[in-house]
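Q: Pasting the sequence and the predicted coordinates here, then a few questions.
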Amino acid sequence: MHLHLDPVGGVAGDMFAAALLDAWPGHAEPLRAALARLDLPPGVAASAERFDDGVLAGRRFLVSPPERDAHHRAFRDIRAMLLGSALEPEVAQRAVAIFAVLAEAEGRVHGVPAEDVSFHEVGAWDSIVDIVAAAFLVEALGPCTWSVAPVPIGSGRVRTAHGELPVPPPATALLLQGFPVHDDGRPGERTTPTGAAILRHLAPGHGMPRGIFALGRVGHGFGTKRFKGISNILRVAAFEPLGAGDASLARDEVGVIRFEVDDQPAEDLAVGLERLRAMPGVLDALQAPAFGKKGRMVAQVQVLARADAIEAVAAACLAETSTLGLRIERAERRILAREAATRDDSAGGAVRVKTATRPDGSRTAKAEMDDVAAAGDHAARTRLRRRVEDA
């Protein structure tokens, strides 16, 4: 499943939770049960209420305030509370990951380590519940890909515990770096730090992926503000690729980074490409010879990276090679279901074998060449490979 976020009015933690609950109302009761495991203070309760603004209908995610709340909480304390709670471990860890993204941004803004960041508005119980709800719902939906339309940037000033800050606030601006944004002329804070942290955590693609899809559920999550001439909603739309029932194929999104090099020694380029291949998030790095301008020989390079690693890998490409520019695009990837196993051959050696399931249900196997190489000459290697692949 692919989920596309359309921030018509903006992005906030409560809008994100409300949009998903509007599209999947069946998750409301399990979410309420999960939040009860947080040991919320007296007075705090969350609900997804139906709402319409006279134009569109959807839901609001409302959190009632506690009887008293200090608001100021250190990141380390929130992390300890979440990890020590009775929440499902995956939910707690995802909520901590969202807070960690926000703590990193706040730390950069204020010049302190993320570990020492103290949250003010985001430390309030409503923000904590919003983030836990977001983490729970993302986990409940299971594996899927995400994309987001351009995010409204807003304008003006916003009152915070640090005084008046420009819109978007500094931490929000850091979290939105690299995202497509736009100004629709409506002032005010359109994307909150919590909403920006959720986006950064999801690492969505920018716009719908390629291909033909079946449109499924649609949900509208309302914010608390009202804007003239526009509904203050975050819309989520679910899409299934046509033919997605094929269990032998998995789909995800990758970054494809291409560039040419014509002035870097071959041995140094080889070192740079090996360092790129060793980077977290890099799936492969290929090079091929070609002729460039003035008949010069060039190396064409293509690097595949996970979608959440594109920016880091692009920076490394510029650092490890002499290229002056990159071409970057996102592409859908389809992957055959595969298994890895170790098989013993008749000579008593162990050979790693990767088995793939084809769309027609047939299975193919490929022996790891590093394990086959010690078998002897070409004929011996061929015999060993056939034995373990046919086993």
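A: All right, it came through fine. Bear in mind that the values here come from a model prediction, so they are computed numbers and not experimental data.

Q: list the contacts for I131?
A: When contacts are counted by Cβ atoms under 8 Å, 6 or more residues apart in numbering, I131 touches 13, 95, 98-99, 194, 197-198. No exception for glycine: its C-beta is placed from N, CA and C like everyone else's.

Q: Among those, show me the least confident.
A: Lowest pLDDT among the contacts of I131: F99, with 87.

Q: List the buried residues of stretch 18-27.
A: 18-24, 27 (16 or more other Cβ atoms under 10 Å).

Q: whoops, I mixed them up, stretch 221-233
A: By neighbour count on 16+ other Cβ under 10 Å, the buried set for stretch 221-233 is 221-223, 227, 231-233.

Q: from these, which single one is nearest L165?
A: Nearest to L165, judged by Cβ to Cβ, of the buried residues of stretch 221-233 is G223 at 19.0 Å.

Q: Could you pull up the residues touching the closest one?
A: Counting by Cβ under 8 Å, 6+ apart, G223 touches 9-10, 12, 14-15, 232-234.

Q: State the distance from it to I153.
A: Note on G223: its distance to I153, by Cβ to Cβ, to the nearest Å, is 15 Å.

Q: Show me the helices in the stretch 151-300 of the chain, by range?
A: With DSSP state H, counting those that start in this stretch as the criterion, the stretch 151-300 of the chain has helices at 170-175, 193-202, 266-277.

Q: What is the second one packed up against?
A: Counting contacts by 3 or more Cβ pairs under 8 Å, 6 or more residues apart in numbering; DSSP states H and E, helix 193-202 is packed against helix 13-23, helix 89-110, helix 125-141, helix 170-175.

Q: how long is stretch 365-380 from one end to the other?
A: Counting by Cα to Cα, to the nearest Å, you get 18 Å between the two ends of stretch 365-380.

Q: re the thing from before, show me the buried residues of stretch 221-233 that map onto strands.
A: 221-222, 233 (DSSP state E).

Q: What about the closest residue to P204 other than its chain neighbours, how many residues nearby?
A: Leaving aside its sequence neighbours, P204 sits nearest to W146 (Cβ to Cβ, 6 or more residues apart in numbering; 3.8 Å). Neighbours of W146 under the rule other Cβ atoms under 10 Å: 19.

Q: quick one: W146 and A373, what's the gap?
A: According to Cβ to Cβ, W146 and A373 sit 42 Å apart.

Q: Quickly list the domain ranges of this structure.
A: The record's domain parsing of the chain by automatic domain parsing lists 2-241, 249-335, 338-390.

Q: okay, how far is it across the first one, tip to tip?
A: Just to be clear, that refers to domain 2-241. The separation between the terminal residues of domain 2-241, taken as Cα to Cα, is 8 Å.

Q: In stretch 258-269, which residues are buried?
A: Residues 259-261, 269 are the ones in stretch 258-269 that count as buried (16+ other Cβ under 10 Å).

Q: let me redo that: stretch 45-54
A: Quick answer for stretch 45-54 (16+ other Cβ under 10 Å): 46, 48, 51, 53.

Q: export these to CSV and tack on secondary structure?
A: Formatted as CSV, these follow (DSSP: H, G, I helix; E, B strand; the rest coil):
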residue, secondary structure
A46, strand
A48, strand
F51, strand
D53, coil
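
Q: farthest pair in those residues?
A: Between all members of the buried residues of stretch 45-54, the farthest pair (by Cβ to Cβ) comes out as A46 and D53, at 21.1 Å.

Q: By neighbour count, which of the contacts of G223 wins?
A: M15 leads these on contacts (other Cβ under 10 Å) with 34 neighbours.

Q: Identify the single longest strand in the chain, thanks.
A: When the chain is parsed with DSSP E, its longest strand is strand 249-261.

Q: chain center to that one: distance?
A: When distances are taken as Cα atoms, centre = their mean, to the nearest Å, strand 249-261 is centred 16 Å away from the chain's centroid.
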